[in-house]
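Colleague: Structure here, sequence nowhere to be found:
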Ligand code: UD1
């Protein structure tokens, strides 16, 4: 099992280019099953992206990497099953359901896996697809989904703006007969990126002023080239790394607008932030200030995925910070690991109170999930001594060349077998 060894205490300084967004690339890879041939630029090298490419191969398409791009080739017949082993590798594999049904008219997939962030049901995905004419049955941990004739459009009102459910419906509805309207749809930038991709393939997707997503079904989609948007969560993580070390960082290749709920938090912590549309410069004070209250919310609110790295930075602030997690249960799994490094955090239900301490110390710590793992790395960068991070496979799901990036801005970090 590989591990990361991080010797804390170096002040990070330099420039990093942020990679393409995992959460945009995955649904777009799923949707690329429909046109068959596509070139996706700025597609990050991540194990989750590899898993999506393996699923495409299982479904009769193929995907290979050419530098920073992934080329998807159609292949012939679509196999409509995703076996358990592939589904378990990541929860977002559920986003292939809409694509398979749109392409084949039926699908058999096992229930998905992924980060264990409390119960992560897929009821919203299934209820929404039923509105488009999908009949769904369950059989020994597998979902059997079928369309009688052709998918048809419909009005889908989501009780919660689920990102994955919105994406699944958008993809399925792209080839349905008639118009689909998704009310209370998610508004994350990854949704707009998926809409842009589908439209580049000849789809007809429109995001209305009120946030409704309107999809007019077309007969077929055609190949396109698309550039995946930049990863706002990776950006927030690297900013947290620089902030906790009192460092200075220039991020390039970002979409600053996507971080509009995140950057004010760093300013509140005393960091100087300068932005252009595609760059963010952060200069951290010697000691960070506490955060009054960070509440995770659907976009454009503060993203749940950035909560744990920011919390790690708050562990060394000169006062107490409060976090309220409104999206997922069990999103504080990093807390016991941070406590092993000397952090003082009290969790009660959705609320976490972080009492800043003067210093953190090194420890042997487990990465609990993708963003929890990133949070532990943030803390280790400022801890006294050398920390050992175990189960770093979680980090590799979402951060491209994590340790090389950190080392390039002055961190003492190495991967060990
Ligand atoms: C996506 C992101 C994830 C991010 C999350 C919220 C990807 C690959 N993952 O996950 O990184 O943290 O958005 O921004 O894009 N829910 C239900 N029933 C459902 C679906 C969701 O109850 O059928 C609940 C979930 O349990 C959770 C909340 O809705 O509490 C948000 O989930 P959702 O927006 O669907 O997140 P994901 O698409 O899984």
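Modeller: Nice, I can see it. All of these numbers come straight from a predicted model, not from anything done at the bench.
Colleague: what's the straight distance from one end of stretch 387-395 to the other?
Modeller: 15 Å (Cα to Cα, to the nearest Å).
Colleague: Mind checking the pLDDT average for that stretch?
Modeller: The average pLDDT within stretch 387-395 is 97.
Colleague: Go ahead and list the helix or strand containing residue 196.
Modeller: helix 189-200 (DSSP states H and E).
Colleague: Which other helices and strands does the helix or strand that that helix is followed by contact?
Modeller: Counting by DSSP H and E, the next helix or strand C-terminal to helix 189-200 is strand 204-207. With contacts taken as 3 or more Cβ pairs under 8 Å, 6 or more residues apart in numbering; DSSP states H and E, strand 204-207 sits against helix 189-200, strand 213-216. Every residue, glycine included, has its C-beta placed from N, CA and C.
Colleague: Can you name the residues of the stretch 301-417 of the chain sitting close to the ligand?
Modeller: 303, 304, 305, 327, 328 (Cβ under 6 Å from any ligand atom).
Colleague: so which of the residues you listed comes closest to residue 380?
Modeller: Distance to residue 380, by Cβ to Cβ, is smallest for residue 305 among those, at 19.2 Å.
Colleague: Quick one: neighbours of that closest one, just the number.
Modeller: Look at residue 305: counted by other Cβ atoms under 10 Å, it has 23 neighbours.
Colleague: Make 91 the first number, not 1, from now on.
Modeller: Happy to do that; since the first residue is 91 now, the last one works out to residue 395.
Colleague: which non-adjacent residue is nearest it?
Modeller: With Cβ to Cβ, 6 or more residues apart in numbering as the criterion, residue 395 has its nearest non-adjacent residue at 4.4 Å, and that residue is residue 323.
Colleague: Likewise for residue 186?
Modeller: Spatially, and ignoring its direct neighbours in sequence, residue 186 is nearest to residue 120 (4.6 Å; Cβ to Cβ, 6+ apart).
Colleague: gap between that neighbour and the ligand?
Modeller: 10 Å (Cβ to the nearest ligand atom, to the nearest Å).
Colleague: So what's the residue count around that residue?
Modeller: Residue 120: 26 surrounding residues under other Cβ under 10 Å.
Colleague: could the helices and strands packed on strand 294-297 go into JSON lines alongside distance to residue 148 and mean neighbour count?
Modeller: Below are the helices and strands packed on strand 294-297 laid out as JSON lines (distance: least, Cβ to Cβ, whole Å; neighbours: other Cβ atoms under 10 Å):
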{"stretch": "helix 279-290", "distance to residue 148": "21", "mean neighbour count": "22"}
{"stretch": "strand 303-306", "distance to residue 148": "26", "mean neighbour count": "21"}
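Colleague: Same list (the ones you listed) but as TSV, adding mean pLDDT and distance to residue 462.
Modeller: Output for these, formatted as TSV (pLDDT from 0 to 100; distance: least, Cβ to Cβ, whole Å):
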stretch	mean pLDDT	distance to residue 462
helix 279-290	98	21
strand 303-306	98	31
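Colleague: In JSON lines, list those along with distance to residue 235.
Modeller: Shown next, in JSON lines, are the helices and strands packed on strand 294-297 (distance: least, Cβ to Cβ, whole Å):
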{"stretch": "helix 279-290", "distance to residue 235": "20"}
{"stretch": "strand 303-306", "distance to residue 235": "19"}
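Colleague: among the ones you listed, which is nearest residue 364?
Modeller: For the helices and strands packed on strand 294-297, proximity to residue 364 was assessed by Cβ to Cβ; helix 279-290 is nearest, at 21.5 Å.
Colleague: who are the neighbours of that closest one, in terms of helices and strands?
Modeller: Counting contacts by 3+ Cβ pairs under 8 Å, 6+ apart, helix 279-290 packs against helix 112-121, helix 253-264, strand 294-297, strand 303-306, strand 314-317.
Colleague: 7 Å instead?
Modeller: helix 112-121, helix 253-264, strand 294-297, strand 314-317 (3 or more Cβ pairs under 7 Å, 6 or more residues apart in numbering; DSSP states H and E).
Colleague: The second one and the ligand in contact?
Modeller: Yes - where contact is defined by Cβ under 6 Å from any ligand atom, part of helix 253-264 touches the ligand, namely 253, 254, 255.
Colleague: Among those residues, which one is most surrounded by other residues?
Modeller: Highest neighbour count within these, by other Cβ under 10 Å: residue 255, with 27 neighbours.
Colleague: The closest residue to that residue other than its chain neighbours: how many residues sit nearby?
Modeller: The shortest distance from residue 255 to any non-neighbouring residue, by Cβ to Cβ, 6+ apart, is to residue 214 (4.1 Å). Neighbour count of residue 214, defined by other Cβ under 10 Å: 19.
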